[in-house]
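**Student:** Predicted model and sequence follow; I will ask about them next.
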Amino acid sequence: MSKEQPALRNTFRDPAGTLRIEQNRILRTVTPDFSGFALEFLRHPQTVQWMAERRMVPTTVLDANPDSTLLEHERILYPSYPWEWTPGQWVAAAALTLDLAEESLEQGLTLKDATPLNVLFDGPRPIFVDVLSFEPRQLDSPIWLAYGQFVRTFLLPLAAWKYLGWPLGASILRRDGYEPEELARHLGLLKRWSGPLRSLVALPALLGGKNPQTSVKPGKSATSYQVHQSPEIAKMVLKGRLRKLRRLLNALAPSAQHSRWSDYPELAAHYSSSDHIQKQNFVKQSLERICPGQVLDLGANTGNYSRIAAAAGAHVVAWDTDIEAAERNWRQALAEKLPIDVMIADVARPTPAVGWRYGESSSLLSRAIGKFDCILVLGILHHMLLAEQVPLSEIAEHLAELTRAWIVIEWVPQHDPRFQDLLRGRDKLYSHLTEESFCEVFSRFFTVDSSEQLANGRKLFLMKRR
C-alpha cells in the first residue's frame, strides 16, 4: 500500500563530514582532517553531559580509525524543519544554540556555524544534532564568526515575523536567512530605530549590511582580521556578545495571541460539555485498548487529544495549520514534559522536499507514510472534503498509507453547523456525502472496530487498516 519515497542524499556542505540514512540508521562519516578532533570532542565530559541531558543528540563511535571515522546518531522519531516550527520553537532552538555556544567557551571551543538547521525537536524540546559544528577556538580572539549567521537565520526571521508579519514558514526559501536591508525597506523610520530593530536592522543597514565581527575581504582568511587580546579578556568579550544576542532574542519572543482556532475547544458552540466528555472518553478508551506507540494527530489544534494519546503511552506528532493553536499545544507539552512533537503542517498541502535536487530536506509525507500506529482524524475530515475539495476515496487511501494499523475518525453530518459553514451553497455538489457513503468508501481500506454516536449528530469510529 505504501509508496516508495526518495531517500535523502548524502550531505555535502560541511567539509568535516557527510551524513546519510541507511535502513533508518543515521550515519556520519568524518573526513580524515577532522577525525582526530571529532573523536576528542565526543569523549569530552562536557559533550557527554550534553548528550545525557539530551541537549545534543546521543552519538556512538562505530569506527574510531582517524582515516575512516564513522559515527551513528540516535534517530529522532519525527524530524521537523524550521519552516514547520511555531515562533516559540524558534526561540527555544535559538536559546539552545546560545547556551551551547557559551558553555563551549570554557572548553576552548566555538560553534563554527549557528543556524536553525543544526537543531531538531525531540518531543517539545530542542536537541542539537550537528556534532561537527564545534571546533577549537582561537583563545585570544573576541570574534565569533557565526555571529552574523545567527542574526540572519534566527533573529531576523523572528523580527520579520513579529514586526512585519512575514511567515516563519518562508524560511524554506531562505537557507541563509535575511539581510538587514531586506527588513529595513519595509519598516518605517521610527519603527526600525526602536527596540531590538535598532541593533538588528537600522544600524547594520546604515553600515551597508557589514558586520565588523564577520566581514572578511576576498582573498583574506578570517583569522587575518581577528583582534588579538588576552585569553581572559577575549572570553569575557565573547560572553558579552552572546548575552547581547540573548537579550535581542528575548525581545523577539512571542506573546500570547488569539486566532480563529486557538480558542476553538472552549468556544465550539456545536459541542455541549457532555459531547466533549463523551468524545474524549471514546478516544481515551480506544487508545488505551490498542496501545499505539506512535500517533499522528491531524488538525491537532491546541492538543487536547494529543495529550490524551500521550497519556496512553504514545509518542505523538501533532500537525496543525493555525500557528497560535499549535503554539499553545507546544507550550503545554513543554511545561508538562509530554512526548508531543508539534508542527505547523497541512496534510492537504504538505511541505515539499527542498534543497539541492530535492535531497537535503525530505518532504512532510516521506517522513510520515507508514510511520504511525494510529492516526487521529478528529474534526478535520469535513475540512478536507469541503475546504480542500479532496475526494473521500483519496482521503481514505491516504490515511491507509499513513497508518500502520488504526485510525480514530470523526464523521460530521451535513446538518452540522460547521459542515454548513464550509458548504457555502454547494449543496448539490456535495449531496452525496452521507454517513453511508463514508462507511462504504472507507470499508475498502478499513474495518470498523467500534463506533459511538454523539448527541450533536457527529459520530466517532475506531477503524483498523485492512
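**Tutor:** Alright, I've got the coordinates. Numbering: from 1, shown residues only.

**Student:** Could you list the low-confidence segments of the chain?
**Tutor:** Within the chain, the stretches with pLDDT under 70 are 1-10, 209-227, 256-271.

**Student:** do that again at 50, thanks
**Tutor:** Along the chain, segments meeting pLDDT under 50 span 1-7, 212-225, 261.

**Student:** Spell out which residues make up each domain of it.
**Tutor:** 17-73, 83-251, 264-465 (automatic domain parsing).

**Student:** can these go into JSON lines with extra columns for mean neighbour count?
**Tutor:** (Each C-beta comes from the backbone N, C-alpha and C, glycine too.) Shown next, in JSON lines, are the domains of the chain (neighbours: other CB atoms under 10 Å):
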{"stretch": "domain 17-73", "mean neighbour count": "15"}
{"stretch": "domain 83-251", "mean neighbour count": "18"}
{"stretch": "domain 264-465", "mean neighbour count": "18"}
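
**Student:** Now tabulate those in TSV and tack on distance to T11.
**Tutor:** Conversion of those to TSV gives the following (distance: least, CB to CB, whole Å):
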stretch	distance to T11
domain 17-73	4
domain 83-251	10
domain 264-465	7
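
**Student:** Apart from its chain neighbours, what residue comes closest to V347?
**Tutor:** Distances taken as CB to CB, 6 or more residues apart in numbering put L298 closest to V347, at 5.5 Å, once the chain neighbours are dropped.

**Student:** pretty sure the one you found is in contact with F372, am I right?
**Tutor:** No: taking contacts as CB atoms under 8 Å, L298 lies outside contact range of F372: 10.2 Å.

**Student:** where do the helices sit along the stretch 351-466 of the chain?
**Tutor:** 381-382, 392-402, 417-423, 435-442 (DSSP state H, counting those that start in this stretch).

**Student:** quick one: which of those is nearest L132?
**Tutor:** L132 lies closest, by CB to CB, to one member of the helices of the stretch 351-466 of the chain: helix 392-402, at 33.5 Å.

**Student:** Check which helices and strands the longest helix seen in the chain is in contact with.
**Tutor:** Secondary structure of the chain read by DSSP state H shows that its longest helix is helix 231-251. Secondary-structure packing of helix 231-251 (3 or more CB pairs under 8 Å, 6 or more residues apart in numbering; DSSP states H and E): helix 87-105, helix 147-150, helix 195-197.

**Student:** hey, where'd the helices end up in the stretch 1-150 of the chain?
**Tutor:** So, for the stretch 1-150 of the chain - with DSSP H, counting those that start in this stretch - the helices run 32-43, 45-52, 87-105, 147-150.

**Student:** Would you convert these into JSON lines that also reports distance to E435?
**Tutor:** Output for the helices of the stretch 1-150 of the chain, formatted as JSON lines (distance: least, CB to CB, whole Å):
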{"stretch": "helix 32-43", "distance to E435": "57"}
{"stretch": "helix 45-52", "distance to E435": "51"}
{"stretch": "helix 87-105", "distance to E435": "38"}
{"stretch": "helix 147-150", "distance to E435": "54"}
